[in-house]
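*Asks:* quick one, fold the following:
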Amino acid sequence: MHFWFYPIPSKRPSGRHRALCGCLFLAIGTVYAEELPLSIDQALALAQDGNPSLSEIKARAEALAAIPLQEGALPDPTLNFDTLNVPTSSFSLRKEDMTMLDFGIIQTIPFPGKLALKEQVAEQEALAAADSVEVARIRLNRDVKQTWWRLFYYDRAINVASESEQFFQALIDTAQSRYKVGQGQQQDVILAQLERSKLKDEKIELFSMRHTTAIQLNTLLNRNPETPMPLPSQAEIKSPGLVIADLQAQAMEHSPLFERHRKMLGAARSRVELAEKDFYPDLTLGAGYAVRQNTPTGESRSDFASIRLSVNLPIYADQKQAKAVEQRNGELRQEQYALQDEHNKVHGDIATNVAQYHHANQRLALLEHELIPQTQQAVNSLMAGYPVGKADFGNLLRSQLSLFQYQSQYWKSLVETQQLLAELSNLVGEDLTHD
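*Replies:* Sure, this is the predicted structure:
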């Protein structure tokens, strides 16, 4: 575990240079003045609490969780009231013997096993939706981490450009002093001024990209896009050892993405069983009680009771039930292929990201231990010799530009390793940033 800090300039800048830097940093310094630095852990917590996309998926999962019990319940019974055999000549309830008031209740009972399968399908879909929440949470963490680290890079790149700008200002002062006493050339001054102007242009571009990235991060955190986004002056850099086969095994065991596919596969199997059950008829039971009025002379009439039993007849099975089974089997195969496709994709993505992670670390080591120190030594040597005419100005200029590029590439490679870890954590389904 390491902590990295902004480099501190070794020389105190001149008054002229402080004025130039003040113009460049005035806006960002004013905006950040009232904001505390946002650490990556704070950013993750804000995203988990406020991101509307994640909240939407959570609400959908909660809605689906209420379905299984509904699917497993019997259909609502039907209560009926009828008037039977009422004569249209008088509409009297007493005149005819078969005139009656009928009350009844009817209940449909699906063939045994159908309700359990319907509930099972809904339950598996609800569990898959819960896994979707976890998938969305992990992906949101990845997006926040990668965006935060991109901001981290822009801050470092801006700092490196500022330090290089200080160097070119000092070089301009030295070249002008030599030119005034006839020991240097005017083109040296012009070339140094040109490179300083190029750095100013690059810093403007870096500030623009940083502004855009800050808006993206604020959006993920459900904040006003223009909310200031200062970062801490240090960050924890993590470098775990990664083995492709181990990560692929972890993904198969822990990734909620695979869990969701497995549950959807289980739901597809249950739908096939349910479709096969539809070849069997449902049962409808009913009971009724018919009330008859007394005769006009007062003679009592007996009431009637009735019981009803009916079943639906699947006589069009070839066109309906058989085709439904065929449809559900096709959906089952679709889910099987989707799981296999996801398996191949995740395994390939893990291998690709691990390879990129190792290459970024190798490049990082080369920059840190060889290219930057060697180039810095060359710059120091040339800078010491140039004021006394013992170093070529063109070599000094090229060496400093190379140093600036290598320092920027160093921070870019460093940030790339952390972004790749964020992507691998998303693929595997758990945090991989431990040592």
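
*Asks:* do a quick rundown of the helices in the chain.
*Replies:* Assigned by DSSP state H, the chain shows helices spanning 15-32, 40-50, 52-65, 67-72, 114-180, 186-220, 244-254, 256-277, 321-366, 372-385, 393-428.

*Asks:* show me the shaky parts of the stretch 101-250 of the chain.
*Replies:* Filtered on pLDDT under 70, the stretch 101-250 of the chain yields the residue ranges 184.

*Asks:* need the helices of the chain in TSV (columns: distance to residue 299 and mean neighbour count).
*Replies:* C-beta coordinates here come from the backbone N, C-alpha and C atoms, glycine included. Below are the helices of the chain laid out as TSV (distance: least, CB to CB, whole Å; neighbours: other CB atoms under 10 Å):
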stretch	distance to residue 299	mean neighbour count
helix 15-32	99	13
helix 40-50	79	16
helix 52-65	61	15
helix 67-72	51	15
helix 114-180	49	20
helix 186-220	85	17
helix 244-254	82	15
helix 256-277	53	20
helix 321-366	54	15
helix 372-385	116	16
helix 393-428	85	20
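
*Asks:* present the ones you listed as TSV; the columns should include distance to residue 100.
*Replies:* Compiled in TSV, the helices of the chain are given as follows (distance: least, CB to CB, whole Å):
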stretch	distance to residue 100
helix 15-32	85
helix 40-50	66
helix 52-65	47
helix 67-72	37
helix 114-180	35
helix 186-220	71
helix 244-254	68
helix 256-277	39
helix 321-366	40
helix 372-385	102
helix 393-428	71
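
*Asks:* for the stretch 301-435 of the chain, give me the ranges with low pLDDT.
*Replies:* Scanning the stretch 301-435 of the chain for pLDDT under 70 picks out the ranges 433-435.

*Asks:* tell me which residue lies nearest the centroid of the protein.
*Replies:* residue 139 (2.8 Å; CA atoms, centre = their mean).

*Asks:* surely it touches residue 426?
*Replies:* Yes. Judged on CB atoms under 8 Å, residue 139 makes contact with residue 426 at a distance of 5.7 Å.

*Asks:* name the residues that touch stretch 37-52?
*Replies:* Contacts to stretch 37-52, defined as CB atoms under 8 Å, 6 or more residues apart in numbering, come from residues 54, 137, 140-141, 144-145, 148-149, 217, 220-223, 229-233, 235.

*Asks:* the same query, at a cut-off of 10 Å, please.
*Replies:* The contact list for stretch 37-52, computed with CB atoms under 10 Å, 6 or more residues apart in numbering, reads 36, 53-55, 57, 136-137, 140-141, 143-145, 147-149, 151-152, 214, 217-223, 227-236, 418, 422, 433.

*Asks:* list every C-alpha atom in that stretch, with coordinates, as CSV.
*Replies:* Presented in CSV, the C-alpha positions along stretch 37-52 are these (Å, rounded to 0.1, in the frame of the first residue of the first chain):
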residue,chain,number,x,y,z
PRO,A,37,-11.7,17.2,-0.9
LEU,A,38,-13.8,14.3,-2.0
SER,A,39,-12.1,10.9,-1.3
ILE,A,40,-12.9,7.9,-3.4
ASP,A,41,-14.7,6.2,-0.4
GLN,A,42,-16.9,9.3,0.1
ALA,A,43,-17.7,9.3,-3.6
LEU,A,44,-18.8,5.6,-3.5
ALA,A,45,-21.0,6.2,-0.4
LEU,A,46,-22.7,9.2,-2.1
ALA,A,47,-23.4,7.2,-5.2
GLN,A,48,-24.9,4.3,-3.3
ASP,A,49,-27.2,6.6,-1.4
GLY,A,50,-28.3,8.9,-4.2
ASN,A,51,-27.9,7.4,-7.6
PRO,A,52,-31.4,7.4,-9.2
